[in-house]
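> here is my input, please return the structure:
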Amino acid sequence: MALCKLCLKEKPLRDSHIFPEFLYKPLYDSGHNYLVLKSKTNVGKRPKGIYEKLFCASCEEIIARYEDYAAKILMGDGKTEVQINENKFGFVIKNLDYTRFKLFELSLIWRANIASRPELRRISLGPHSEKIREMLLKEEPGRYYKYGCAIFFLPEQPPELKELIIPPHKLPSMIDGHRGYRAIFNGLFWIFIISSHTEEFEMKKYFLQESGDLPIVNSGHHGWKFILKWTSELAKMKKDI
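Numbering: from 1, shown residues only. Sure thing, here's the model as predicted:
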């Protein structure tokens, strides 16, 4: 028995994935292993995504509902039809379930915050962690600008980008006075804005909207500046394994 991180009750805990298993599928080789960058000079292999005992069975089901829906949208299941419209910023995925996808986004940054695995960079959401926990437990996504997430893609994206996961870590500087965290999942850049005063935040137009519209924004050269350093280091290390 231990304290469940979501419901805060003493219960038997499951081995909970810190990030959804479906995000690791593009990384697996023929032996169902993927490379782990432990440090700039140390690469290892794992047969499964990282996990630790975080949630009870009931709370695992809550998180799974968010993950299952996001997997259908991001990976496709052959059944869920997704409408995509191009615009001047990139494109928009239309008619999503706002509640489930927004809570999926929140679960990514929150789990990175509560996890203690050594593979993750420590981040601290401060008092926002408890607010997000309550949103996840009560299945209340809040307004679109509250703890929003902007998702970007690289122009002429290399296929190798889907073979890379970079967990959330703090941006080196604030964005218009707001703290942000960036990550790479599913070949996309995810920028999580963790702030309590985002009603007038200009970047909120790039967040998932309550109408169900999800903008996916062309990152241009800004994305390339960040990713090139990581991919070059990883490519060199792969040759030595």
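
> so where do the strands sit in the chain?
For the chain, applying DSSP state E gives strands covering 2-3, 10-11, 15-17, 34-39, 42-46, 51-53, 83-86, 90-94, 149-153, 166-170, 179-185, 188-194, 214-218.

> give the contact list for the closest residue to Glu60 other than its chain neighbours.
Counting by C-beta to C-beta, 6 or more residues apart in numbering, Glu60 lies nearest to Arg14, which is 5.1 Å off, once chain neighbours are set aside. For glycine as for every other residue, the C-beta is placed from the backbone atoms N, C-alpha and C. Contacts here follow C-beta atoms under 8 Å, 6 or more residues apart in numbering; on that basis Arg14 touches 53-57, 60.

> and for Glu52?
Under the criterion of C-beta under 8 Å, 6+ apart, the contact list for Glu52 reads 15-16, 18, 115-117.

> what does Gly180 give?
For Gly180, the contact set (C-beta under 8 Å, 6+ apart) comprises 170-171, 174, 191-194.

> quick check: the gap between it and Lys94.
26 Å (C-beta to C-beta, to the nearest Å).

> Cys7 now?
Counting by C-beta to C-beta, the gap from Cys7 to Lys94 is 34 Å.

> same check on Arg133?
30 Å.

> so those two - more neighbours on which side?
Under the neighbour definition other C-beta atoms under 10 Å, Arg133 and Lys94 were set side by side, and Arg133 has more, 19 against 13.

> for the more buried one, give its distance to Ile63.
For Arg133, the distance to Ile63 under the criterion C-beta to C-beta works out to 12 Å.

> go on, Lys72?
With distances defined as C-beta to C-beta, the gap from Lys72 to Ile63 amounts to 15 Å.

> now Pro172: phi and psi?
Here is the backbone geometry of Pro172 (degrees, to the nearest 10): phi -70, psi -20.

> of all the strands of the chain, which one comes closest to Ile109?
Nearest of those to Ile109, taken as C-beta to C-beta: strand 188-194 at 4.5 Å.

> compute the inter-axis angle for the closest one and strand 179-185.
Computed with axes from the mean of the first three to the mean of the last three C-alpha atoms, to 10 degrees, the direction of strand 188-194 lies at 160 degrees from that of strand 179-185.

> what's near enough to touch Glu211?
No Glu there; residue 211 is Ser. Per C-beta under 8 Å, 6+ apart, neighbours of Ser211: Tyr98.

> now for the closest residue to Arg117 other than its chain neighbours, how many residues are close by?
If you skip the residues right next to it in sequence, Arg117 has Ile50 as its closest partner in space, 5.2 Å away by C-beta to C-beta, 6+ apart. The criterion is other C-beta under 10 Å. On that basis, Ile50 has 17 neighbouring residues.
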